[in-house]
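Chemist: just the structure for this:
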Amino acid sequence: MVTDEAIRIPPLRAGRRPAGQALLGWLDDTRAPALCRVAGSSGSGRTHLLDWLAAAAPADHPRTARRVHAVLPVRGTTPDSAANLLARRLGGFARNPAELLAALQDGQPRTVVVTGLDPVGGLPDRSRRIAAELLVPLLGLPGLRLAVESADGTAATGLLTAAVPGAAVLDLDDPRWTDPDAFAAWCARLPGTPAAALFPSPGLALLASRVGGGVVVDPAAAAADRAAAVCAAWWEALPAELRPAVRALAVADRAVPAGTWAELPGAGGAEAVARAGALLPPGFDGETWELSMRQLSALVRPAWWVNWTYRPPSGAVDALCLGREPWSGRILAATAAGAQLLDQESGRELDRAPLRLPVTPSALACGEDGVLVALDRARTLGVLPSAVPDSRNRAVRVVEWVAGQAGGRMTAVAVKRDEGSSSLGFGDTEGRVAFQLNDFGQAKTPDRPSHRGPVTALSVADTRRELWLASGGTDGRVVLWGYSRAEAEPPMDEREAPVTAVAVAGIADGLLTVAAWADGLVRLRRQGEDLDTVLDLRLDAPVHSAVIDRNGWICLALPDRVLSIGLG
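Modeler: Prediction:
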């Protein structure tokens, strides 16, 4: 049995003892609000403080009020994966927030620490969704309390504050929570660290200590400006050959040990990582690293980066598609062995045999209930019926109906990503695109062909205002057609090389379109009412299939691998 005396509170340095005592006071007070929000700017030590709290108040603490039952690092997660992780850390299992909430209805007192909620790399909507779909519902459970790292002014913080209006707030930028003398004494042991200018941010002090020759900071400047100055000085002092390693760390969605860091795309190997790691402060455990400071991430992070790479053991990747139930949250990669299921968060193969396809596809789509539609280069259509028990296989009937209408002219296929839809979009040898909503009647098509020559690639996006089909052809055109419109839009792009892949998805203010051509160019275009931005990528091989997953990540199939790309 663990005794009260056996629980040793770990030291809390950098003058943060007042903040630690405040957190323990919230934890001990059973009448305190269900939410304690730890705020403060990047580098203020929010994650470090909450990790310290979990170590100081383990789940088996003899004082039942002083127990943290689980730590949930949400950086890089989705609502479903975060719910699954929290369930496992609480000793149970859940696939999504609804299942987790159902499992925690027993009224047992539980305290959960949540870190990494603030967006670092350009995906603020993910943080908002985690707050809305997971954290706010958790706060409605009797007996459950959350200590959450969440800065002022974010959408996630707004949702949490609305859920618990009287929440406790511990702002680490507030001088009350740091002992200035203890902070100065701690800084004195760090070379080249101006304590007065960096108070009360231990993260900035640690980073400044890694800059050879010290760093000059105006103590009267705003906190954000002081942070920007330290980050810029550190990046300027970093040897050029180590910058790729730091950029690789910047795109990691979690703290990683050195071995994992060395395996990230572009990291440069173990030697570069070891040298770069010596210039960065490690995490709370001293064994992992992350680049979570907002100002530093903004300097380092590349408008795009590679999240993960998948190389199939069976050779080439023929086509990609997004999974739907029962394959939701998965990417299906067609190879010689069949359709391999990949986790969209990590690119890892699931522990199951590939799904055997009736043809080797140049185009692949996943319809309702997981029906797979494959089209090969000879325009042979193959269908793998649903494995879901009692499935009505409506998607199969739609495909059969379309095949009867198209008469072997189909060259590309695509489906809507939403559940419950058995519709099918397709392109043909005459340059036309069409959309079939059900298994009867004629497919709807624009009045005139979208392309001069066969359609080579197709994708569907269902936005609030329109159902869009994006198509590419042998004529090098990339064209958008809105389902409610008589004619397609003028080509958004037209190049001399044939189009090899397209993907389209709705974003908050318009559309994100990906197009690839046979000469190796990949063009990413954001379009909206007041928006039209283009990013061109040159990869080392042509892309012949592309999808945009629910995270907004872009998956590209090259001849021998799949890349998942994030955008800043």
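
Chemist: pull out the buried positions in the helix ranked longest in the chain.
Modeler: Using DSSP state H to define each element, the chain has its longest helix at helix 223-237. Neighbour counts over helix 223-237 (16 or more other CB atoms under 10 Å) mark 223, 226-231, 233-235 as buried. Glycine gets a C-beta too; all of them are placed from N, C-alpha and C.

Chemist: pipe those into TSV and attach distance to Leu35 per row.
Modeler: Converted to TSV, the buried residues of helix 223-237 look like this (distance: CB to CB, whole Å):
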residue	distance to Leu35
Ala223	24
Arg226	29
Ala227	26
Ala228	30
Ala229	33
Val230	31
Cys231	30
Ala233	37
Trp234	34
Trp235	36
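
Chemist: okay, now the unreliable bits of the stretch 451-568 of the chain?
Modeler: Scanning the stretch 451-568 of the chain for pLDDT under 70 picks out 509, 530-531, 568.

Chemist: other residues contacting stretch 392-408?
Modeler: Contacts with stretch 392-408, where a contact means CB atoms under 8 Å, 6 or more residues apart in numbering, come from 367-369, 371, 373, 379, 381, 383, 385-386, 410, 415, 422-424, 426, 428, 436, 438-440, 442-443.

Chemist: from the contact counts, what lies against the worst-scoring helix or strand of the chain on mean pLDDT?
Modeler: None of the helices or strands of the chain scores lower by mean pLDDT, DSSP states H and E than helix 294-300, at a mean of 74. Packing partners of helix 294-300 (3 or more CB pairs under 8 Å, 6 or more residues apart in numbering; DSSP states H and E): helix 223-237, helix 243-250.

Chemist: mean pLDDT and distance to Thr77 added to these, as a markdown table?
Modeler: Formatted as a markdown table, those follow (pLDDT from 0 to 100; distance: least, CB to CB, whole Å):
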| stretch | mean pLDDT | distance to Thr77 |
| --- | --- | --- |
| helix 223-237 | 86 | 26 |
| helix 243-250 | 87 | 18 |
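
Chemist: same list, these, but as JSON lines with distance to Gly315 please.
Modeler: What follows is these, written out as JSON lines (distance: least, CB to CB, whole Å):
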{"stretch": "helix 223-237", "distance to Gly315": "41"}
{"stretch": "helix 243-250", "distance to Gly315": "27"}
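
Chemist: output the least confident helix or strand of the chain in PDB, but only the C-alpha positions, please.
Modeler: In PDB, the C-alpha atoms belonging to helix 294-300 read as follows (Å, rounded to 0.1, in the frame of the first residue of the first chain):
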ATOM      1  CA  ARG A 294       4.400  28.900 -31.400                       C
ATOM      2  CA  GLN A 295       7.000  31.600 -32.400                       C
ATOM      3  CA  LEU A 296       9.700  29.000 -33.000                       C
ATOM      4  CA  SER A 297       7.300  26.700 -35.000                       C
ATOM      5  CA  ALA A 298       6.300  29.600 -37.200                       C
ATOM      6  CA  LEU A 299      10.000  30.200 -38.000                       C
ATOM      7  CA  VAL A 300      10.900  26.500 -38.600                       C
END
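
Chemist: ok, whichever helix or strand comes after it: who's next to it in the sheet?
Modeler: Downstream of helix 294-300, the first helix or strand assigned by DSSP states H and E is strand 304-310. Strand pairing for strand 304-310, using DSSP bridges, gives strand 562-567 (antiparallel).

Chemist: run the chain-centre distance for the partner strand.
Modeler: Taking CA atoms, centre = their mean, to the nearest Å, the mean C-alpha location of strand 562-567 is offset from the chain mean by 10 Å.

Chemist: nearest to Ala319, out of the helices and strands packed on helix 294-300?
Modeler: helix 243-250 (28.5 Å; CB to CB).

Chemist: contact partners of that closest one?
Modeler: Contact with helix 243-250 is made by 121, 235, 238, 256, 261, 264-268, 272-273, 275-276, 280, 289-291, 296-297, 300-302, 305, as judged by CB under 8 Å, 6+ apart.

Chemist: please apply the same query to stretch 204-221.
Modeler: Contacts for stretch 204-221 (CB under 8 Å, 6+ apart): 14, 43, 186-187, 190-198, 225-227, 229-231, 233-234, 237, 279-281, 293, 296.

Chemist: show me the helices in the stretch 301-450 of the chain, by range?
Modeler: Taking DSSP state H, counting those that start in this stretch as the test, the helices found in the stretch 301-450 of the chain are 394-406.

Chemist: and the stretch 51-200 of the chain, by the same measure?
Modeler: Secondary structure of the stretch 51-200 of the chain, counting by DSSP H, counting those that start in this stretch: helices at 79-89, 97-103, 124-130, 136-139, 155-163, 180-188, 195-198.

Chemist: show me which of the contacts of stretch 392-408 are buried.
Modeler: 367-369, 371, 373, 379, 381, 383, 386, 410, 415, 422-424, 426, 428, 436, 439, 443.

Chemist: inside strands: which ones of those residues?
Modeler: 373, 381, 383, 410, 424, 426, 428, 436 (DSSP state E).

Chemist: isn't the second one up against Leu372?
Modeler: This points to Leu381. No: the pair Leu381 / Leu372 is not scored as a contact, 11.4 Å apart, by CB atoms under 8 Å.

Chemist: bridging residues for the residue lying closest to Val359 once chain neighbours are set aside?
Modeler: Using CB to CB, 6 or more residues apart in numbering and skipping the chain neighbours, the partner closest in space to Val359 is Gly382 (3.8 Å). In this entry, Gly382 is beta-bridged to Ala374, by DSSP bridges.

Chemist: check Val514 too.
Modeler: Beta-bridge partners recorded for Val514 (DSSP bridges): Ala503, Leu524.

Chemist: my read: it touches Thr500, true?
Modeler: No: counting by CB under 8 Å, Val514 sits too far from Thr500 to count as a contact (11.2 Å).

Chemist: comparing those two, which residue is more hemmed in?
Modeler: For the pair Val514 and Thr500, the greater number of neighbours falls to Val514 (27 against 23), based on other CB atoms under 10 Å.

Chemist: any low-confidence regions in the stretch 51-200 of the chain?
Modeler: In the stretch 51-200 of the chain (pLDDT under 70), the answer is 119-125.

Chemist: neighbours of the nearest residue to Arg294 once chain neighbours are set aside, just the number please.
Modeler: Of all residues not flanking Arg294 in the chain, Ser42 sits nearest, at 4.0 Å (CB to CB, 6+ apart). Look at Ser42: counted by other CB under 10 Å, it has 22 neighbours.

Chemist: how about Pro194?
Modeler: Per other CB under 10 Å, the neighbour tally for Pro194 reads 18.

Chemist: give me the residues contacting stretch 320-331.
Modeler: With contacts defined as CB under 8 Å, 6+ apart, stretch 320-331 is touched by 78, 80, 332-334, 341-345, 347, 350, 364-370, 372, 387-388, 415, 417, 419, 545-547, 549-550, 555, 557, 562.

Chemist: now do the helix or strand containing Leu27, average pLDDT.
Modeler: Element membership for Leu27, per DSSP H and E: helix 17-28. Averaging pLDDT along helix 17-28 gives 95.
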